[in-house]
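Engineer: Here is my input; please provide its structure:
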Amino acid sequence: METPGGGGQYGTLNVATLKELVRLQINNRLGHDVRDKVLPRLAEFGDYAGICSALKTSPVTGITSNDFEQRKETFGRNYVDPPPLTPFWKFCLEALEDPTLQFLCVAAVVSLTIGAIFEANCLGYLDGIAILVAVMVVVFVGAAQESAKQR
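Structural biologist: Numbering: from 1, shown residues only. Sure, this is the predicted structure:
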């Protein structure tokens with residue numbers, strides 16, 4: 001029943017289930033999310049009172065100092081790993097899903113093609129390059145903002 005180092009189980013609850021419940025509460029803070037996602041999952045365990053009962057504790061008095069070491073050995077430290085960060089390139093791809101930026105990319109390719117074929121000696125392809133640079137700036141700034149929000 002006990003696995004030192006945090007893989008243990010206490011009653012019907014194990015570490016994975018407790019971590020899932022904590023993440024569910026952290027990730028769903030809006031009223032409708034709590035009602036639709038968190039409360040039904042808590043009801044499976046008999047709400048907070050059922051969780052306290054399964055963990056053999058009280059929301060008023062907590063656990064005794066004797067229980068602390070045993071629970072620490074059973075469950076591990078009281079910490080839930082944060083979810084992994086989304087890579088920057090995924091934010092860039094999401095930014096490129098904007099129809100305006102897609103249209104500008106197509107316009108840049110057309111401008112590059114026409115400029116390279118018909119206006120090569122006049123550097124006509126520079127318009128296409130300028131459009132692509134503008135799109136890249138918008139994508140990188142948007143992705144940087146989204147990445148900063150995540151941290």
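
Engineer: Now do the helices in the chain.
Structural biologist: For the chain, the helices defined by DSSP state H occupy 15-27, 31-33, 39-43, 47-54, 65-75, 88-95, 99-118, 126-150.

Engineer: Where does pLDDT dip in this structure?
Structural biologist: For the chain, the stretches with pLDDT under 70 are 1-12, 120.

Engineer: Name the nearest residue to the most centrally placed residue in it, ignoring sequence neighbours.
Structural biologist: In the chain, the C-alpha nearest the mean C-alpha coordinate belongs to Pro83, at 5.8 Å (CA atoms, centre = their mean). Among residues not flanking Pro83 along the chain, Arg23 sits closest, at 7.8 Å (CB to CB, 6 or more residues apart in numbering). Placement of C-beta: from N, CA and C, glycine included.

Engineer: what about the one you found, distance to Lys37?
Structural biologist: 11 Å (CB to CB, to the nearest Å).

Engineer: One more: Thr100?
Structural biologist: From Thr100 to Lys37 the distance is 34 Å (CB to CB).

Engineer: ok so, going back, now the residue nearest to the centre of the chain. Its backbone dihedrals?
Structural biologist: Per-residue torsions, Pro83: phi -70, psi 150 (degrees, to the nearest 10).

Engineer: and the residue nearest to Pro83, how far is that from Pro82?
Structural biologist: Computed as CB to CB, the Arg23 to Pro82 distance reads 9 Å.

Engineer: higher neighbour count, those two?
Structural biologist: Using other CB atoms under 10 Å as the criterion, Arg23 and Pro82 rank with Arg23 on top: 14 against 8.

Engineer: how many neighbours does Ala143 have?
Structural biologist: Using other CB under 10 Å, Ala143 has 20 other residues around it.

Engineer: List the residues that contact it.
Structural biologist: 88, 91-92, 94-95 (CB atoms under 8 Å, 6 or more residues apart in numbering).

Engineer: Just among these, which is most surrounded?
Structural biologist: The member of those surrounded by the most neighbours (other CB under 10 Å) is Phe91, with 21 neighbours in all.
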